[in-house]
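Peer 1: Just a sequence and a predicted model for now, questions to come.
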Amino acid sequence: MSRTKKIILIVIGIIVLFVGGATVYLLKVNNDVDQAITKMTKKIDYKSKRSDAVDLKSGEPFSILLMGTDTGDKGRTYQGRSDSMMLVTINPKEKQTLMTSLDRDIYTQIVGYKGDENNYVAKGDTYYDKLNAAYSLGGTKMAIESVQKMMDVPVDHYIEINMKGLKTLVDAVGGIEVDNKIDFTLDGVHVKKGEQILDGRHALEYVRMRHEDPKGDVGRQARQREILSKLVHKILSVDSVTKYKKYLRAVEDYVRTDLTWNEMLTVAKDYTPAAENIKQTQVEGQGEMINDIYFQVLGLNNLLEEQNVVKKQLGLPTKKKLPNLDEDDDNQLFFDDSEVDKISAGTHYDYTGYGKILYPIDKDNY
């Protein structure tokens, strides 16, 4: 296959998960790709935490909010919630990519939404809900601004993947091989235990299942990363023009991003060494029932640590205390994890038997 086709496939891989694994060159873009990228590109007018946008050509670290959404899936015609979120930060100087999974049940402020009589958990001057509610309430803009608020870092770009598109792409590549650890049935689809090749329908349920998994959402997010990584590997190994066009058609209807084609090429060319070295972490909290709804309530120290890990990755100054703590915000809620045992610094905490709920926050004593 020509180098032009190779770079196209690499960029598709980057769109899926920003994992590059080959030498790339800036070459002429053909009409197929130009049309597909135009269709996928959607600029979002949101308030960034940066005063100046990142210049990718200068090799600056940057962040991407990767969202898997359920809009249009299973017959839905409304704007669904974001089924999964990952904050991907890429630092070319350190030659490292950090994938920070954000639990969809995190109790957090939904920026720009005040709540209404039929849809609220905690409302007033500030509105709190599950993190994944941000997308259904205010689309990509509200999701980005809510993640920026929670993580106290800028989101420079976004990539939105419709979950229906995942099914289409898996079928396009001929299935994905997995070694499933748990026999389960979800929405009438049975996924057996053991080694097998999943088609798109089964792969979609494989990345969705969580209740049967002892690790819950943590296990589900690991399976999501597994499928996306294997998709990238298959895409990069394609050796025919026919297959490349098939993959392109599979993603163009289901992927939206504010990255332009030239920016994608710059990332593919200059950021590949960083994308080959992937570290993973996760923001999660303590399970609590609020108004009879399950939430993950974040720990003060755990959130601060995760914020600082991402800030270091972006070359930003770290902080000693959580910003934006407001003792007058009756909806703000964390728990005291000062005595919680760390399983792995920057990754997971052991919340068993700990965690006094702080409601509201007394910022003077923290």
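Peer 2: That came through, no problem.
Peer 1: For my notes, confirm E160 occurs in a strand.
Peer 2: Yes: assessed by DSSP: H, G, I helix; E, B strand; the rest coil, E160 belongs to a strand.
Peer 1: What's the local residue count around L166?
Peer 2: Using other CB atoms under 10 Å, L166 has 26 other residues around it. No exception for glycine: its C-beta is placed from N, CA and C like everyone else's.
Peer 1: Not counting sequence-adjacent ones, nearest residue to it?
Peer 2: Leaving aside its chain neighbours, L166 sits nearest to L204 (5.9 Å; criterion: CB to CB, 6 or more residues apart in numbering).
Peer 1: what does T140 give?
Peer 2: In space, T140 is closest to I44, 5.0 Å off (CB to CB, 6+ apart).
Peer 1: who's in contact with the one you found?
Peer 2: 140-141, 144, 158, 258 (CB atoms under 8 Å, 6 or more residues apart in numbering).
Peer 1: where's it relative to M142, distance?
Peer 2: Per CB to CB, to the nearest Å, I44 is found 10 Å from M142.
Peer 1: returning to that earlier point: relative to I144, how far out is the residue nearest to T140?
Peer 2: 7 Å.
Peer 1: next one: G315
Peer 2: Counting by CB to CB, the gap from G315 to I144 is 20 Å.
Peer 1: So between the two, which is more surrounded?
Peer 2: I144 (26 against 13).
Peer 1: what sits against the more buried one?
Peer 2: Applying CB under 8 Å, 6+ apart, the residues near I144 are 44, 46, 65, 155, 158.
Peer 1: for it, helix, strand, or coil?
Peer 2: Assignment for I144 (three-state DSSP): helix.
Peer 1: On the pLDDT front, check it for me.
Peer 2: For I144, the model assigns a pLDDT of 97.
Peer 1: Leaving out chain neighbours, which residue sits closest to E288?
Peer 2: Nearest to E288 is V297, by CB to CB, 6+ apart, at 4.7 Å.
Peer 1: That neighbour - how many residues pack around it?
Peer 2: 22.
Peer 1: tell me which of the contacts of I144 is nearest to N291?
Peer 2: Closest approach to N291 among the contacts of I144 (CB to CB): L65, at 27.5 Å.
Peer 1: Distance check, the closest one against T260.
Peer 2: Following CB to CB, the distance that separates L65 from T260 is 17 Å.
Peer 1: Please say which of the two ends up with more neighbours.
Peer 2: Counting neighbours by other CB under 10 Å for L65 and for T260 shows that L65 has the greater number, 22 against 15.
Peer 1: Who is the more buried one paired with across the strands?
Peer 2: Beta-bridge pairing of L65 under DSSP bridges involves L87, Y158.
Peer 1: that older thread, now the contacts of I144 as CSV including pLDDT and distance to D125?
Peer 2: What follows is those, written out as CSV (pLDDT from 0 to 100; distance: CB to CB, whole Å):
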residue, pLDDT, distance to D125
I44, 94, 25
Y46, 93, 21
L65, 94, 25
V155, 98, 23
Y158, 94, 27
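Peer 1: Quick check: I37 vs Q96, distance?
Peer 2: The spacing between I37 and Q96, counted by CB to CB, is 27 Å.
Peer 1: Who has more neighbours out of the two?
Peer 2: Set I37 next to Q96 and count neighbours by other CB under 10 Å: I37 wins out with 22 against 18.
Peer 1: How about that one: what's its closest non-neighbour residue?
Peer 2: W261 (4.4 Å).
Peer 1: Just read off the phi/psi values of that neighbour.
Peer 2: Reported as degrees, to the nearest 10, the phi and psi values for W261 are phi -60, psi -40.
Peer 1: Just give me the residue right at the centre of this structure.
Peer 2: M86 (1.9 Å; CA atoms, centre = their mean).
Peer 1: pLDDT weak spots in the stretch 101-250 of the chain?
Peer 2: 115-124, 236-245 (pLDDT under 70).
Peer 1: Pull up the distance across stretch 292-311, start to finish.
Peer 2: 35 Å (CA to CA, to the nearest Å).
Peer 1: where do the strands sit along the stretch 251-366 of the chain?
Peer 2: Secondary structure of the stretch 251-366 of the chain, counting by DSSP state E, counting those that start in this stretch: strands at 255-257, 278-283, 286-290, 293-297, 334-336, 341-344, 348-350, 356-358.
Peer 1: Apologies, that question was intended for the stretch 101-250 of the chain.
Peer 2: Going by DSSP E, counting those that start in this stretch, the stretch 101-250 of the chain shows strands at 107-109, 128-130, 157-162, 176-180, 184-186, 189-191, 194-198.
Peer 1: any idea of the angle the last one forms with strand 176-180?
Peer 2: For strand 194-198 and strand 176-180, the angle between their directions (axes from the mean of the first three to the mean of the last three CA atoms, to 10 degrees) works out to 150 degrees.
Peer 1: ok, how many other residues are close to I197?
Peer 2: When counting by other CB under 10 Å, one arrives at 12 neighbours for I197.
Peer 1: Not counting sequence-adjacent ones, nearest residue to it?
Peer 2: G175 (4.2 Å).
Peer 1: try E60
Peer 2: V54 (4.9 Å).
Peer 1: For the one you found, give me its contacts.
Peer 2: Here V54 is in contact with 60-62, 156 (CB under 8 Å, 6+ apart).
Peer 1: Rebuild those as CSV, extending it with distance to Y127.
Peer 2: Formatted as CSV, the contacts of V54 follow (distance: CB to CB, whole Å):
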residue, distance to Y127
E60, 33
P61, 31
F62, 29
D156, 25
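Peer 1: Which of these sits closest to A268?
Peer 2: F62 (13.8 Å).
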